[in-house]
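>>> everything below, folded, please.
(chains A and B, ligands or ions: 1)
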Amino acid sequence: MTDTAIEIREFLTVALRRPVAPDEDYFALGLADSLFALELVVFVEERFDIRIEVDDLDLDSFRTAERIAALVERKRAGLATGGETGAGRAVRG
Amino acid sequence: MPSAASATRPATQDAPAAALVDAAAELAAAVRGEAGRWDEHGALPDEAVRAVAAAGLLGLDLPARHGGAGATPAQLGEAVAHLGGVCGALRALLTVQGMTAAALLRWGGEAQRAHWLPALASGDLLAGFAATEREAGSALAEVGTRIEDDGEQVVVTGAKRWVTFGQSADVFLVLGRTDAGPTAVLVEGDRPGIVREPVTGQLGLRAARIAHLTFDRVRVPRENLVAPPGLGLTHTAAVALDHGRFTVAWGCVGMAEACLADAAEHAARRVQGGAPLADHQLVRSLLARSAVDAAGARALAERAAEARAGSPLGAATETVVAKYAAAGAAKAVADRAVQVLGSAGCEPGSRAGRFYRDAKVLEIIEGSPQVAELHIAERLLRQGVRG
Ligand SMILES: Cc1cc2nc3c(=O)[nH]c(=O)nc-3n(C[C@H](O)[C@H](O)[C@H](O)COP(=O)(O)OP(=O)(O)OC[C@H]3O[C@@H](n4cnc5c(N)ncnc54)[C@H](O)[C@@H]3O)c2cc1C
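Numbers count the residues shown, from 1 in each chain, chains lettered A, B, ... in the order given. Got it, this is the predicted structure:
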């Protein structure tokens, strides 16, 4: 598993209060409450310093830790031109 | 009204937005004497709606590139508190417009943002948020309104209840469902098949032109779908509701501060048995408790504003906390204000009496206290997992 996927799983484990397998669909399992998706998007944006747009929501991209990690890697690869990475941005917790 | 300008950025950077906070205060002062009558007549007049739009208040926190003033959350909150301290319906106008705009800003496509946001910011279009149904209130995942693709367009069929400004809105952000699950779609108010049934005589927010809506096979272009089907609640409506909770919280701050001011003024002036009411220790107790409730609500609303401006990771929860505390404070302070005012608080046109009714409504909508407590406790329990 990539470092990105590990971090995402850590966040999910805390947010859902149980261990989450890399390919587990926590929405389908009914683990998420009504603020969770909001928090998940914010976490991914803040931590990896990317902007999630509506097009990124396709293909169930937020349904498992693995898929989020893949999305993050894709977005970051696309950000090749200059720009800071997330290193300087504080994340709580 | 105290206006502890909690500006978190240099004034030069956002001077237009700062001026709009002042404009909100001026507008609130100008209509203060009329809000009671609007409530009695059950309608915020069109001129008042136009005045809010003309002042630029409907696009307050939208970015300038979408026609907004780029206000910080703290500035938005201050402006909403000014309006909320005078009229719940004026505040509700900003709330529902802001909810729809926030959802589109976050999850609208580029074309949708370009099409809708400038019109929402200017007030050329007024929006309503249509989520609640008879069988789906707190549990919005159960909405039954159907959104179906007929090959060319999407067709919306269902019955929505309690849509604030549903009598007059130009466009509705409707939460329905497709086979993929809850789905959000924009429905223009002039499409054939929409019936608006005005709601009158309800407990509070009587001037907010509320309506129950029926959508009978209302056809809209596919471009009106917001975010992919299935994400209408977790993403689109969640953003709208989060924004709504924030402005409701600040509106409640304004209500609590207004009721506190009315109670203190009355207690100092009203003489009974040879002594001003304020000479009684028990009356002072009521005032003191209200002062602390109002200050606490403001502090938590400011904390939510800071969270939303900075690192927004905890912002959704801070916003739930602020709404929970501020609605509770507005209710308690309005209750004590009516107590201190006595029959004057029960008169038609009494601000405290009106806010007493409105505050109870605000405690129920945008997340009841019980649902808020579940969220707050859930976030608290997560800390245990961190170890
Ligand atoms: C004046 C007014 C304006 C409104 N404007 C709008 C609008 O613009 N758009 C819109 O879509 N809706 C609107 N609503 C509807 C409003 O959002 C709902 O009333 C609200 O969501 C609560 O739903 P409900 O009334 O069906 O109550 P229910 O969901 O039936 O809940 C009733 C009570 O049960 C308790 N309860 C519910 N769930 C739980 C739980 N999980 N745990 C513990 N206790 C619980 C709470 O005490 C709650 O107050 C408005 C309502 C009013 C009165």
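
>>> what segments of chain B are helices?
B:15-31, B:35-41, B:46-54, B:73-84, B:88-107, B:110-122, B:238-269, B:281-309, B:315-341, B:343-346, B:351-364, B:369-386 (DSSP state H).

>>> and for chain A?
Counting by DSSP H, the helices of chain A are A:3-16, A:36-48, A:65-78.

>>> nearest to the ligand, out of these?
For those, proximity to the ligand was assessed by CB to the nearest ligand atom; helix A:36-48 is nearest, at 15.3 Å. Bear in mind the C-beta positions are built from the backbone N, C-alpha and C, glycine included.

>>> distance check, residue B:374 against residue B:138.
10 Å (CB to CB, to the nearest Å).

>>> ok, those two, which is more surrounded?
Neighbour count, other CB atoms under 10 Å in any protein chain shown: between residue B:374 and residue B:138, residue B:374 has more, with 15 against 12.

>>> any idea how far the more buried one is from residue B:113?
Residue B:374 is 33 Å from residue B:113, where distance means CB to CB.

>>> one more: residue B:82?
Note on residue B:82: its distance to residue B:113, by CB to CB, is 28 Å.

>>> and these two? which has more neighbours close in?
Each of residue B:82 and residue B:113 has its neighbours counted (other CB under 10 Å); residue B:82 has more, 28 against 20.

>>> for chain A, which spans come out with low pLDDT?
Along chain A, the model assigns pLDDT under 70 to residues A:59, A:79-93.

>>> with adjacent residues omitted, what lies nearest to the residue in it that chain B sits nearest to?
When scored by CB to the nearest CB, chain A has residue A:37 as its residue closest to chain B, at 3.8 Å. What sits nearest to residue A:37 in space, not counting adjacent residues and going by CB to CB, 6 or more residues apart in numbering or on different chains, is residue B:234, at 3.8 Å.

>>> let's have the helices of chain A in CSV, adding mean neighbour count.
CSV is the format used below for those (neighbours: other CB atoms under 10 Å in any protein chain shown):
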stretch, mean neighbour count
helix A:3-16, 19
helix A:36-48, 20
helix A:65-78, 18
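
>>> closest to residue B:172 out of those?
helix A:36-48 (21.9 Å; CB to CB).

>>> which residues touch the closest one?
For helix A:36-48, contacts defined as CB atoms under 8 Å, 6 or more residues apart in numbering or on different chains pick out A:4, A:7-8, A:11-12, A:15-16, A:27, A:50-52, A:62, A:68, A:71-72, A:75-76, A:86, A:89, A:91, B:231, B:234-235, B:238-239, B:242, B:311-313, B:315-317.

>>> try 7 Å
The contact list for helix A:36-48 (CB atoms under 7 Å, 6 or more residues apart in numbering or on different chains) reads A:7, A:11, A:15, A:51-52, A:62, A:68, A:72, A:76, A:86, A:89, A:91, B:234-235, B:238-239, B:242, B:311-313, B:316.

>>> hmm, back to that, in TSV, list the helices of chain A along with distance to the ligand.
Output for the helices of chain A, formatted as TSV (distance: least, CB to the nearest ligand atom, whole Å):
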stretch	distance to the ligand
helix A:3-16	18
helix A:36-48	15
helix A:65-78	28
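
>>> okay, those in a markdown table with distance to residue A:57 next?
Listed next are the helices of chain A as a markdown table, based on distance: least, CB to CB, whole Å:
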| stretch | distance to residue A:57 |
| --- | --- |
| helix A:3-16 | 16 |
| helix A:36-48 | 9 |
| helix A:65-78 | 9 |
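
>>> the ligand contacts on chain B?
Within chain B, the positions adjacent to the ligand are B:96, B:129-132, B:137-138, B:162-164, B:202, B:205, B:210, B:361, B:364-365, B:368, B:370-371 by CB under 6 Å from any ligand atom.

>>> among the residues you listed, which ones are in strands?
B:129, B:130, B:162, B:163 (DSSP state E).

>>> give the contact list for residue B:368.
By CB under 7 Å, 6+ apart, residue B:368 lies in contact with residue B:138.

>>> pLDDT score assigned to residue B:16?
Note for residue B:16: predicted pLDDT of 86.

>>> so what's it closest to, chain neighbours aside?
residue B:69 (5.1 Å).

>>> do the same with residue B:46
residue B:168 (8.0 Å).

>>> same check on residue B:34?
That would be residue B:48: by CB to CB, 6+ apart, it lies 7.8 Å from residue B:34.
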